[in-house]
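1. here is a sequence together with a model predicted from it:
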Amino acid sequence: MVTLPLSNSRRCSLYKLDNRFAERSFTVTVVGCGGTGGFAAEELCRLLPERAQLVLVDHDRVEENNLTRQNFSYEDLGKFKSEVLAQRLSRRYRRSVAYTTLPIAALKEVEIPGLVIGCVDNGLARRDIAEKVKGQLFQPYRCVSWWVDAGNGDNYGQILIGNTLKGGGFDKEGTCFALPLPTLQRPELLAQASPVELACAQMAEQGPTINRAMASVVVEVVRRLIEGTCPWMQFYLDLEAGTMHPVFATPEAVKKITKGKEVKHD
């Protein structure tokens, strides 16, 4: 099958997410270094320019049941995920990789300007990220930063991009500088139970490749955000159906999600 390129008129009609954060030094903070986060962190070491600082946040330790679907080996058992990953990636790619073994809620603040990449698996952790970033990511007349939230089930997943408690912000030049936080776009994610709250027999078994697949999409989103070519506010992946579905960042899409509340056009 041959896929025809978009026409010039179609390309011009797409809004692109603001990338002013990447004009100078910036920080990419990966919250959650398990399934998706561990693989994404490694690919980010290949992708990020030298002016970008990579920070890994995770207070969990490597367990044996992590080895089949996460970016760890037997030598890592019992160690903090963020620490062992940062040390390995720093050696392998000869770049500085910072880490903390504290949960996101315990941090004083996240580093901005830049990106916060959420790769957590429960509503409480997302709530903690939201509390930490809601007053930082979108600040008028300063560099706009973004929270990229990634989550998945057994063979499917979604990525949501946002930075404000309000609606959307779009200018006449085709730049989107404000989108609702991921937890506002999909509030039901806040009710997602943590693995500790679920009996092992009740937990859905993840497919063997979903974490790597999601990590690849996360890194593609980050690449486009840095370059200023990202047109998406949501992205859905379904390995069972073999489909990828983007939701473009437009005033109409934001209005639909927020039911028309505080959608701004500047």
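-> Arrived safely, thanks for sending. Residues are numbered from 1 along each chain as shown.
2. what's the end-to-end length of stretch 179-189?
-> 17 Å (Cα to Cα, to the nearest Å).
3. give me the contacts around it.
-> 17, 118, 123, 126-127, 130, 133-134, 146-147, 149, 151, 158, 160-169, 190, 233-234, 249, 254, 257-258 (Cβ atoms under 8 Å, 6 or more residues apart in numbering). (C-beta placed from N, C-alpha, C; glycine too.)
4. buried subset of these?
-> 17, 118, 123, 126, 130, 133-134, 146-147, 149, 151, 158, 160-169, 233-234, 249, 254, 257-258 (16 or more other Cβ atoms under 10 Å).
5. ok, E50 - contacts?
-> R95 are the contacts of E50 under Cβ under 8 Å, 6+ apart.
6. which residue ranges of the stretch 51-200 of the chain form helices?
-> 81-93, 123-133, 182-185 (DSSP state H, counting those that start in this stretch).
7. pLDDT on the first one, on average?
-> It refers to helix 81-93. What helix 81-93 shows for mean pLDDT is 98.
8. I'd like the numbering to begin with 587 instead of 1 from here.
-> Sure thing, new numbering starts at 587, so read that last one as helix 667-679.
9. report the buried residues of that helix.
-> Those would be K667, S668, E669, V670, L671, A672, R674, L675, S676, for helix 667-679 by 16+ other Cβ under 10 Å.
10. closest to A691 among those?
-> A691 lies nearest to S668 out of the buried residues of helix 667-679, by Cβ to Cβ, at 14.7 Å.
11. residues contacting that closest one?
-> Here S668 is in contact with C619, L642, V643, D644, H645, Y685, T686, T687 (Cβ under 8 Å, 6+ apart).
12. recalculate using a threshold of 7 Å.
-> By Cβ atoms under 7 Å, 6 or more residues apart in numbering, the residues touching S668 are C619, L642, V643, D644, Y685, T686, T687.
13. the residues you listed into TSV, with extra columns for distance to R655, pLDDT and neighbour count?
-> Putting those into TSV (distance: Cβ to Cβ, whole Å; pLDDT from 0 to 100; neighbours: other Cβ atoms under 10 Å) gives the following:
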residue	distance to R655	pLDDT	neighbour count
C619	13	98	29
L642	18	98	28
V643	20	98	29
D644	15	98	28
Y685	21	98	23
T686	23	98	18
T687	22	98	16
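14. returning to that earlier point: export the helices of the stretch 637-786 of the chain to JSON lines and tack on distance to T613?
-> Shown next, in JSON lines, are the helices of the stretch 637-786 of the chain (distance: least, Cβ to Cβ, whole Å):
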{"stretch": "helix 667-679", "distance to T613": "14"}
{"stretch": "helix 709-719", "distance to T613": "12"}
{"stretch": "helix 768-771", "distance to T613": "19"}
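15. G828: which of those is closest?
-> The nearest among these, by Cβ to Cβ, is helix 768-771 at 24.6 Å.
16. would you mind writing the CA trace of that closest one as CSV?
-> Provided in CSV are the C-alpha atoms of helix 768-771 (Å, rounded to 0.1, in the frame of the first residue of the first chain):
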residue,chain,number,x,y,z
PRO,A,768,-3.3,14.9,31.0
THR,A,769,-5.3,14.4,34.2
LEU,A,770,-7.9,16.9,32.9
GLN,A,771,-8.0,15.3,29.5
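17. tell me which residues of it come out buried.
-> By neighbour count on 16+ other Cβ under 10 Å, the buried set for helix 768-771 is P768, T769, L770, Q771.
18. and what of stretch 655-668?
-> So stretch 655-668, judged by 16+ other Cβ under 10 Å, has buried residues R655, Q656, N657, F658, D662, F666, K667, S668.
19. likewise for stretch 759-768?
-> In stretch 759-768, counting by 16+ other Cβ under 10 Å, buried: T761, C762, F763, A764, L765, P766, L767, P768.
20. and it, how far out from the chain's middle?
-> From the chain centre to the centre of stretch 759-768 is a distance of 15 Å (Cα atoms, centre = their mean, to the nearest Å).
21. quick check: end-to-end length of it?
-> Terminal residues of stretch 759-768 lie 25 Å apart, using Cα to Cα.
22. state the mean pLDDT of that stretch.
-> 96.
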